[in-house]
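Colleague: Below are the sequence and a predicted model for it; my questions follow.
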Amino acid sequence: MSAASAPAGILTWIEREFGHAFARPELAMTALTHRSAGSAHNERLEFLGDAVVDCVVAQMLYEAHPRADEGSLSRQRATLVSGRSLARIAAGRGVGERLRFGAGEAKSGGHRRESILADALEAIVGAVFVDAGFDAAAAVVRRLLAEPLAQLPAVAVLKDPKTRLQETLQGRGVAVPAYHLIAVSGEPHDQHFEVRCEVPALGLSASGEGASRRRAEQIAAERVIERLPEAGRWPS
């Protein structure tokens, strides 16, 4: 199936879930094509979409929190555009089931990988940007992120996972976590990082993957937070 021959079902799904009718259907199909499927893949569109998402989310937060300082707004934005957050949105919209992969990636469960889902969501935004301009792409971002923004913790108390984990451990008298770079893959301009977060005193560890080492560390820290002991079960 070529990009130009986008099936009507895909276009109907995009219009329903993302609120955009493509004038150039081939852009929609490219956005849904992983690099393992061939040369006409979604990475260039993901690059564009990433920038659009960052810009629109910044504007949304600026409007929603007129008294928040730059640091608070940055933490809010980092939470909203994290790989985990975008992957959750993509999964909820059925993106994974409609991605096109090469045989190897399809067998390895690529449609469930957070990094692939997040990148595909950004690629769809990038495709809308190319198809119809910034305002159309911004409308898609607002549609996708309005509910997650409304559900964020108070801007004054929100902190990134690494900070929350460190402060929680210090408050319990436990040594700060250690982060270890496990693997780096991809070309120099398009790398993928895997990092492990370890808390030896609690026997806890978790790994995270992302397009930057920082994103991978944040995901790993979030997963360790999810495994922390309940109140009253911490070692004395």
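Modeller: Thanks, I have the structure now.

Colleague: Low-confidence ranges, the chain, go.
Modeller: Residue ranges of the chain with pLDDT under 70: 1-6, 106-108, 110, 154-158, 231-232, 236.

Colleague: Phi, psi for the residue nearest the centre of it please.
Modeller: Centroid-nearest residue in the chain, with C-alpha atoms, centre = their mean: G83, separated by 2.2 Å. Backbone torsions of G83, given as degrees, to the nearest 10, read phi -60, psi -40.

Colleague: shift numbering so it begins at 24
Modeller: Shifting the count to begin at 24 puts that one at G106.

Colleague: Can you tell me the closest non-neighbouring residue to it?
Modeller: Excluding the flanking residues, the one nearest G106 by C-beta to C-beta, 6 or more residues apart in numbering is A141, at 4.5 Å. No exception for glycine: its C-beta is placed from N, CA and C like everyone else's.

Colleague: separation between that neighbour and A150?
Modeller: Separation of A141 from A150 (C-beta to C-beta, to the nearest Å) stands at 15 Å.

Colleague: repeat for S230
Modeller: Per C-beta to C-beta, S230 is found 31 Å from A150.

Colleague: Check E190 too.
Modeller: From E190 to A150 the distance is 40 Å (C-beta to C-beta).

Colleague: higher neighbour count, these two?
Modeller: A side-by-side neighbour count of E190 and A150, using other C-beta atoms under 10 Å, places A150 first with 30 against 12.

Colleague: Where do the strands of this protein begin and end?
Modeller: 201-210, 213-222, 227-233 (DSSP state E).

Colleague: Output the shortest one as CSV, restricted to C-alpha atoms.
Modeller: To tie it back to what came earlier, the one meant is strand 227-233. C-alpha atoms of strand 227-233 as CSV (Å, rounded to 0.1, in the frame of the first residue of the first chain):
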residue,chain,number,x,y,z
LEU,A,227,14.6,-1.3,43.4
SER,A,228,15.5,-0.6,39.8
ALA,A,229,13.7,0.3,36.6
SER,A,230,14.7,1.2,33.1
GLY,A,231,13.5,3.9,30.8
GLU,A,232,14.0,4.7,27.1
GLY,A,233,13.8,8.0,25.2
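
Colleague: And the helix ranked longest in the chain, what does it pack against?
Modeller: Ranked by residue count and defined by DSSP state H, the top helix of the chain is helix 66-87. The helices and strands touching helix 66-87, judged by 3 or more C-beta pairs under 8 Å, 6 or more residues apart in numbering; DSSP states H and E, are helix 48-54, helix 93-103, helix 137-155, helix 157-173.

Colleague: Contacts for that helix next, please.
Modeller: 50, 53-54, 58, 91, 96, 99-100, 103-104, 109, 142-150, 152-153, 157, 160-161, 164-165, 168-169, 172, 178, 213 (C-beta atoms under 8 Å, 6 or more residues apart in numbering).
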